[in-house]
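A.B. asks: my questions concern the predicted model and sequence given below.
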Amino acid sequence: MNPLRLLKLIARNGRFAEPAPPAPPEDPALHLPSSLRGSVQVRHVDTGSCNGCEIELGAAFGGVYDVERYGARLVASPRHADVLAVTGVVTHNMVEPLLRTVEATPQPRVVIAIGDCARDCGLFAGAYGVAGSVSDIVDVDITVPGCPPHPAAIVAALRQVTGR
Amino acid sequence: MIDVFLVILQVLVATAITPLLVGVMRQVRARMEGRVGAGLLQPYRDVRKLLAKEPLRADGSSIVLIAAPLVLLVSSLMVIALVPLVTTAYLPSIPNDLFVVVSLLLIGTVALALLGLDAGTAFGGMGSSRHMMIAALVEPTVLMSVYALSIPVGSSTLSRIVLARGADVTRVVTPAGLLAVVALVVVVLAETGRLPVDNPSTHLELTMIHEGMVLESAGRDLAWLELGSWLRLTALLGLVVNLALPWGLADTAQPLALLIAVAALCAKLLVAGGLIAAAEVFMAKVRLFRVPELLAGSFVLAFLAVTASYLAG
Ligand code: SF4
């Protein structure tokens, strides 16, 4: 793209991130590690989702909901991560990778199950390829209900961890 | 004695503002993308968080996984101590010679490459091989371009070059000087893993260079790696801005001169960092096989700079 046109586009659009909603009240029942306040690296694990949740997760990290402003960032390796964002039912083939990913994430870590599938198998409950919901396989700290969940709900869950 | 004090001060100041420099670069980029951005202080929070985490090391990994981050950090700190950033003073026993600085940079580069190989993952090995390819193309250009600037001064000591350029404005805007600075900017971008050579915020393993090598490090190890590579950015960017605008550096320990020097360094670094980040918004990463062409182009510029300084000198 022509740099001049791009510059005009930037000047015309300005900031399109929505104004920040007030921080969600802290939930003391969650026992979130305080050392993650202010900076949270997120690794996304898809254990068998229909990709609806991925679109919403992408939107949460996109320019409009912009969860990065609260200190959350997507990373490419579980070793760098503090939060595992798990979407979808856990299929038989993904049980082992999920367990290994959790093991590869250094402590303190937080596991967030995003979407109805991850929470209680949702639409796919009882299907032949399903090993269970995320909490059947690993410990889950936060769940985000919805099929798919609203990006604002994902942002609110991540803000619980970053505390901003 | 006073030299040692000045150098220690320089290391402290440069280390303290390095996360801010990274924060400014990320913030400028975020704002131009229409985002709000995580704030200028986010890199400080990231490092603090990483230091509080358990460093997890893969089964079968060796001492390299522990040692390489430290080697990178120490080599970067030594480069920071040697390059004239705040002061033109240097340690009497270690000359801040161009060749010493380039070899120190190379120690960090090799440590990173070994780290990428250590865990035996595919992406780490790919990152290391690309990193070495870029290093092999970058180092000669760094040497050539600074050499071009050193010819009129008759010394390869960086402080002397900066001092001589600061004393005589006509030295700064010569064809040789401009060519050399442009060549240096290109190689600094390549060496510190910025666009268009490497994308510092990529999540796509196949395109990674720097990120690919550090995929297996966690917690404290990762904090040292991040800090070490940010410090390299500060050192190299600081060297370029001080060669391009060689004013404001302190050579005595007077409080006023030091204050001016620190302020000048912060202003120069942050503005240069902001400009680079703004330019990156308009750039895409070039294909890996085009990178040698880009770097060969900068080598040609550096070579022309050397020729021009001989002809003009
Ligand atoms: S919760 Fe809904 S959108 Fe998300 S993976 Fe399951 S079916 Fe798809």
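C.D. replies: That came through fine.
A.B. asks: got any ranges where chain A has weak pLDDT?
C.D. replies: Counting by pLDDT under 70, the low-confidence segments of chain A come to A:1.
A.B. asks: next one: the residue positioned nearest the centre of it from residue A:60, what distance?
C.D. replies: With distances taken as CA atoms, centre = their mean, residue A:85 lies nearest the centre of chain A, 3.9 Å away. Going from residue A:85 to residue A:60 by CB to CB, to the nearest Å gives 9 Å. Glycine gets a C-beta too; all of them are placed from N, C-alpha and C.
A.B. asks: any common contacting residues for these two?
C.D. replies: Residues touching both residue A:85 and residue A:60 comprise residue A:154, with contact defined as CB atoms under 8 Å, 6 or more residues apart in numbering or on different chains.
A.B. asks: ok, and the closest non-adjacent residue to residue A:141?
C.D. replies: In this structure, residue A:141 finds its nearest non-sequential neighbour in residue A:110, 4.7 Å apart by CB to CB, 6 or more residues apart in numbering or on different chains.
A.B. asks: also residue B:151?
C.D. replies: Nearest one to residue B:151, counting by CB to CB, 6+ apart, is residue B:309 at 4.1 Å.
A.B. asks: hang on, the one you found packs against residue B:148?
C.D. replies: Yes: checked against CB atoms under 8 Å, the pair residue B:309 and residue B:148 is within contact range at 4.9 Å.
A.B. asks: so these two - more neighbours on which side?
C.D. replies: Relative neighbour count places residue B:148 above the other of residue B:309 and residue B:148, with 27 against 22, counting by other CB atoms under 10 Å in any protein chain shown.
A.B. asks: pretty sure the more buried one is in a strand, no?
C.D. replies: No: secondary structure assignment (DSSP: H, G, I helix; E, B strand; the rest coil) places residue B:148 in helix, not in a strand.
A.B. asks: per-residue confidence at it?
C.D. replies: In the predicted model, residue B:148 carries a pLDDT score of 87.
A.B. asks: residues near the residue nearest to it when sequence neighbours are not counted, how many?
C.D. replies: Ranked by CB to CB, 6+ apart and with sequence neighbours excluded, the top spatial neighbour of residue B:148 is residue B:305, at 3.6 Å. The number of residues packed near residue B:305 is 28, by other CB under 10 Å.
A.B. asks: tell me the buried residues in the strand or helix carrying residue B:305?
C.D. replies: Applying DSSP states H and E as the criterion places residue B:305 in helix B:291-312. Along helix B:291-312, the positions that meet the burial threshold by neighbour count (16 or more other CB atoms under 10 Å in any protein chain shown) are B:291, B:294-295, B:298-299, B:301-306, B:308-309.
A.B. asks: can you tell me the closest non-neighbouring residue to whatever residue of chain A ends up closest to the ligand?
C.D. replies: Across chain A, no residue is closer to the ligand than residue A:52, which sits at 2.7 Å (CB to the nearest ligand atom). Spatially, and ignoring its direct neighbours in sequence, residue A:52 is nearest to residue A:148 (4.0 Å; CB to CB, 6+ apart).
A.B. asks: determine the longest strand present in chain A.
C.D. replies: For chain A, the strand with the greatest residue count under DSSP state E is strand A:40-46.
A.B. asks: got the contact list for it?
C.D. replies: With CB under 8 Å, 6+ apart as the test, strand A:40-46 has contacts from A:54, A:57, A:71-78, A:80-88, A:97-98, A:101, A:105, A:158, A:161-162, B:46, B:49.
A.B. asks: give me the buried subset of those residues.
C.D. replies: Using 16+ other CB under 10 Å as the burial test, the contacts of strand A:40-46 include A:54, A:57, A:71-78, A:80-88, A:98, A:101, A:105, A:158, A:161-162, B:46, B:49 as buried.
A.B. asks: now do the helices in the chain.
C.D. replies: Picking chain A for this. Under the criterion DSSP state H, chain A carries helices at the ranges A:3-13, A:52-61, A:95-104, A:116-120, A:134-137, A:151-162.
A.B. asks: meant chain B, my bad for not saying
C.D. replies: Under DSSP H, chain B gives helices at B:2-32, B:42-51, B:64-82, B:98-118, B:122-153, B:158-167, B:169-172, B:175-191, B:210-213, B:219-244, B:255-281, B:291-312.
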